[in-house]
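> attaching a predicted model along with its sequence, questions to come.
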Amino acid sequence: MRHRKTPFIFGFLVVPVVLYIALVIWPYLQTFGYSLTDWSGASPDMNFIGLDNYTKLFRDSAFLDALQHNLLLLIVLPLATILLALFFAFMLNVGGKSGTGGVQGVRGSAFYKVVFFFPQVLSVAILSVLFQGVYRTDKGGLLNGVLIAVGIVDENHPWDFASNPTFGLWCVMGVIIWSGVGFYLVLFSAAMQSIPKDIYEAALLDGAKRGTTFFKITLPLLWESIQTAWVYLAIAAMDAFALVSTMTPGAYYGGGPDHHSEIMATLLMRNFITYGKAGYACAMGVVIFFITLVLSVVSLRVTRREKIEF
Amino acid sequence: MGSATEYNRRDLFKRAAAITVLAAGGTSLLAACAGGSGSGDSKSSAAPSLGSDSKNPFGVKASDALDVVIFKGGYGDDYAKVFEDAYKKAYAGANVSHLGTQEISGKLQPRFNAGSPPDVFDNSGAQAMKADVLVSADQLTDLTVLLDAPYLDDPTKKIRDVLLPGTVEQGTINGKMYSLNYVYTVFGLWYSAKLFKEKGWTPPKTWDEFITLCGTIKAAGIAPFAHQGKYPYYANYVIFSLIAKQGGLDLVKKINACDATAWDDPAVLAGVTAFNKIMEGDFLLPGTNGMTHTESQTAWCQGKAAFIPSGSWLENEMLASTPADFDMAFLPIPSLPNDKLPATALWAGAGEPFMVPSKAKNKAGGLEFLRMMLTKDGSSKFVATANSLTVLKDGVNADVPLKPGTKSSAAAVKAAGDVTFNFSFQDLQTAFDAEVENATNELVNKRISPAEWVSRGKAATSKKV
């Protein structure tokens, strides 16, 4: 049988593999090549300049600042998203009052699930437009409008949310978390539902409270999903380009005010397209690539645990 | 930059490019860098020289095809077909290919990188290619030869004699003119003549009058000044106009050239200090510092603010939100004491840059196409459809009706005469411009002083292309 199976499998694999190599791997390799040149991105001319772009990169204070902002995202984003998603998933699946000993979510959990998942359906572009309306800096903005109506904010000096140097990046982070929680909630919900109810029931019979069942049962059995979530969120934290570039002020791809919300991706785009430093931007791309790669590997290794069978 | 498309081009550029990238997904940021094939020879074909034949000064071969790419924005791309037909008429054997697109960068960047650009293209819109980047990559033809060519309507004149002041400067990088900017734009303050008439306010001539009027307006319960805070370059129209009038044309030249010594001129500090009086008086529309151009301009159209800075594309841009009796009017930036330029002087410049790539196959044809665009007939046709002036002197036939804002900006152009100035750094020195915009954003938020603004501008000159 073997001799017939092989061409069959090969036939299925060859097209996607060729496409993958041509459209993903090859551009990546090209980027490595370009990062060693002074290419402008607007002409076929380029000169090999070795590692100059990289040495320049690590002396570029704008890049180092942007890197710090990405690291901040890297810490806050997965932590906040996973904690919120876990909390909601737990409440929706096993957090309800157990009248007759059955395990269930809070009342109306099916409805909440849809509500929480809803932001995930929106594209990033819509998210951006939506939250620009929320964060708008006069009383026409949702938040400012409410705060002014309540009397917390002075109408003549409304809050500047995304264009505030201290809180701009946090405002964007809020949007990313808001949009992400729903997806991880569903992910964790699915994982929770695959946990046999007998385990919970046994725990409840033994008199375990909600907190105990969460930490002793749910969390350990969910570990692999959390690990996956972590890696995905870490990759998202290295990107965040779309929202930062559209929601924050500043010349060419946002990142303002005055670079206070600058991330590596906005800096990359500005250098690539606006300043015509494509080689330099490619070097940034390579650095982002390696940071993301290392992060993924590290977080998968560090969080590795004994697999629990049930 | 300034033009009558639905949105201001540079704003759209920021947003549209961002959306394009996000559509491609985050990981493709890395892949976005790749894409140039790097093939094609990098030798430029010989620069065309000026022949003695006034009908065909560039020596166009009728058999050579012409490859035209036009930005299909607020003006559409049909106007270009008029010029293409004229070209076909003159060179019967020529096969003219026309591409109207909004994705200039998307369509042309690969062609530039492959060494096969079109013969002439209109480099504007959301995804225009950066002129400074193209020039430093040696991709554009020096258009001096076009300026010296005979004018089609009257061969005794040269093309350079029939262009409005500022046109040549606007397209000039490092002393050479690389783009013919076809649409004429003025920059300054805008107000509703109807509102001013109702309230009995007179448009101010001097900056002191302006600040006093701002106080009156504020007392009347209207915000005196709005600006497009999310994109700080609009506020720079005011700041740099004040500086130019105070310091004179030489200073403008030095600032455009990213000369650090320009920033030591006391006129720079004087201009920005005058502007800062708006913040000192708390005259800003609440929230305007974080608003997009659409948000703030709409608030202004609704009468929530009295003045707003913008270019003359504003009227067309806000057509849908402007009340019918708004009576839009243009005000040149008021003057400071001891200004070197007269009060009527104004920032005027040309937009919609047409370029001829240096590696174009039919360079002569591309240049001839530009020459054909500058006839009085062609210009009038453009004005009639786009409701915007062209860079051709007296380029409008008398029968073309103008809207109130366009009429008042046309009057300002006439009053200014030859005394116009033009800051090109916003298009041609983008790295420098980005830093200056950041500084202005800090200034309008009262986070830095005028003196700090000056020192940041001076430091930014190190970003010269």
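Okay, I see it. These numbers come from a predicted model, not from an experiment. Numbers count the residues shown, from 1 in each chain, chains lettered A, B, ... in the order given.

> give me every residue that touches the closest residue to chain A within the stretch 51-200 of chain B.
Closest approach between the stretch 51-200 of chain B and chain A, counting by Cβ to the nearest Cβ: B:Val133, at 3.0 Å. Backbone N, C-alpha and C define where each C-beta goes, glycine included. Listed by Cβ atoms under 8 Å, 6 or more residues apart in numbering or on different chains, the contact set of B:Val133 reads A:40-42, A:275-276.

> sec struct for it, please.
Three-state call for B:Val133 (DSSP: H, G, I helix; E, B strand; the rest coil): helix.

> so who does the nearest residue to B:Phe369 once chain neighbours are set aside touch?
Using Cβ to Cβ, 6 or more residues apart in numbering or on different chains and skipping residues adjacent in sequence, the residue nearest B:Phe369 is B:Val120, 5.0 Å away. Neighbouring residues of B:Val120 by Cβ under 8 Å, 6+ apart: B:66-69, B:354-356, B:360, B:365-367, B:369-370.

> at 6 Å what do you get?
By Cβ atoms under 6 Å, 6 or more residues apart in numbering or on different chains, the residues touching B:Val120 are B:68, B:356, B:366, B:369.

> pick the one among those residues closest to chain A.
Nearest to chain A, judged by Cβ to the nearest Cβ, of the contacts of B:Val120 is B:Val356 at 15.2 Å.

> I'd say A:Asn47 and A:Leu36 touch.
No. If you go by Cβ atoms under 6 Å, A:Asn47 and A:Leu36 don't touch, sitting 9.8 Å apart.

> pick out whichever of those two has more residues nearby.
A:Leu36 (20 against 9; other Cβ atoms under 10 Å in any protein chain shown).

> secondary structure class for residue 88?
Picked chain A for this. Applying three-state DSSP: A:Phe88 is helix.

> try chain B instead
Assigned by three-state DSSP, the conformation of B:Lys88 is helix.

> next to chain B, which bits of the stretch 101-250 of chain A? Give me the list.
Contacts of the stretch 101-250 of chain A with chain B, taken as Cβ under 6 Å from any Cβ of the partner chain, map to A:124-125, A:137-138, A:156, A:158, A:160, A:163, A:239, A:242, A:245-246, A:249.

> filter those down to the buried ones and hand me the ChimeraX line.
Selecting only the buried entries of these in ChimeraX, with 16 or more other Cβ atoms under 10 Å in any protein chain shown as the criterion:
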select /A:124,125,137,138,158,160,163,239,242,245,246,249
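
> identify the residues contacting A:Ala42.
Contacts of A:Ala42 (Cβ under 6 Å, 6+ apart): A:276, B:112, B:133-134, B:137, B:139.

> report the two of those residues separated the most.
For those, the farthest-apart pair by Cβ to Cβ is A:Gly276 and B:Phe112; their separation is 11.3 Å.

> ok, back up a step: output the residues of the stretch 101-250 of chain A next to chain B in TSV, with pLDDT and secondary structure appended to each entry.
Listed next are those as TSV, based on pLDDT from 0 to 100; DSSP: H, G, I helix; E, B strand; the rest coil:
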residue	pLDDT	secondary structure
A:Val124	88	helix
A:Ala125	89	helix
A:Thr137	90	coil
A:Asp138	88	coil
A:Asn156	86	coil
A:Pro158	90	coil
A:Asp160	88	coil
A:Ser163	88	helix
A:Asp239	85	helix
A:Ala242	90	helix
A:Ser245	91	helix
A:Thr246	90	helix
A:Pro249	89	coil
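
> quick one: which of the residues of the stretch 101-250 of chain A next to chain B is nearest B:Pro165?
A:Pro249 (33.4 Å).

> pretty sure the closest one contacts A:Ser163?
Yes. In this structure, A:Pro249 is within contact of A:Ser163 by Cβ under 6 Å, at 4.6 Å.

> so what sits against both of those two?
Contact criterion Cβ under 6 Å, 6+ apart; residues shared by A:Pro249 and A:Ser163: A:Pro257.

> quick one: contacts for B:Tyr237?
Going by Cβ under 6 Å, 6+ apart, the list of residues near B:Tyr237 reads B:187, B:309.

> go again using 8 Å as the cut-off
The contact partners of B:Tyr237, taken as Cβ under 8 Å, 6+ apart, are B:187-188, B:309-311, B:333, B:347.

> strands - which of these land there?
Judged by DSSP state E, those include B:187-188, B:309-311, B:347 as members of strands.

> and the stretch 351-465 of chain B, which residues reach chain A?
B:430-431, B:433-434, B:437-439, B:441-442, B:445, B:447 (Cβ under 8 Å from any Cβ of the partner chain).

> which of the residues you listed tops the neighbour count?
The residue in these with the most neighbours, by other Cβ under 10 Å, is B:Asn441 (27 neighbours).

> what separation is there between A:Asp38 and A:Ala283?
Distance, A:Asp38 to A:Ala283, using Cβ to Cβ, to the nearest Å: 11 Å.

> the two - which one has more neighbours?
A count of neighbours by other Cβ under 10 Å puts A:Ala283 above the other of A:Asp38 and A:Ala283, at 29 against 16.

> now do the contacts for residue 240.
Looking at chain A here, since you left the chain open. Per Cβ under 8 Å, 6+ apart, neighbours of A:Ala240: A:70, A:73, A:172, A:176, A:263, A:265.

> please go with chain B instead
Contacts for B:Phe240 were tallied using Cβ under 8 Å, 6+ apart; they are B:255, B:271, B:347, B:423.

> read off the pLDDT value for the last one.
If I follow you right, that is B:Phe423. The model reports B:Phe423 with a pLDDT of 90.

> that one and B:Trp347 touch, don't they?
Yes. Counting by Cβ atoms under 8 Å, B:Trp347 is a contact partner of B:Phe423 at 6.7 Å.

> common neighbours of the two, please.
Counting by Cβ under 8 Å, 6+ apart, the common neighbours of B:Phe423 and B:Trp347 are B:240, B:244.

> if we can go back for a sec, which members of the contacts of B:Phe240 are positioned in helices?
B:255, B:271 (DSSP state H).

> got the contacts of B:Phe240 as a markdown table, with neighbour count columns?
Converted to a markdown table, the contacts of B:Phe240 look like this (neighbours: other Cβ atoms under 10 Å in any protein chain shown):
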| residue | neighbour count |
| --- | --- |
| B:Ile255 | 25 |
| B:Gly271 | 28 |
| B:Trp347 | 24 |
| B:Phe423 | 24 |
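
> nearest to chain A, of the contacts of B:Phe240?
Nearest to chain A among those is B:Phe423, at 14.5 Å by Cβ to the nearest Cβ.

> neighbours of B:Pro323, just the number please.
If you count neighbours by other Cβ under 10 Å, B:Pro323 ends up with 12.

> what helix or strand does it sit in?
Assigned by DSSP states H and E, B:Pro323 falls within no helix or strand.

> same deal with B:Asn316?
Using DSSP H and E, the element containing B:Asn316 is helix B:314-317.
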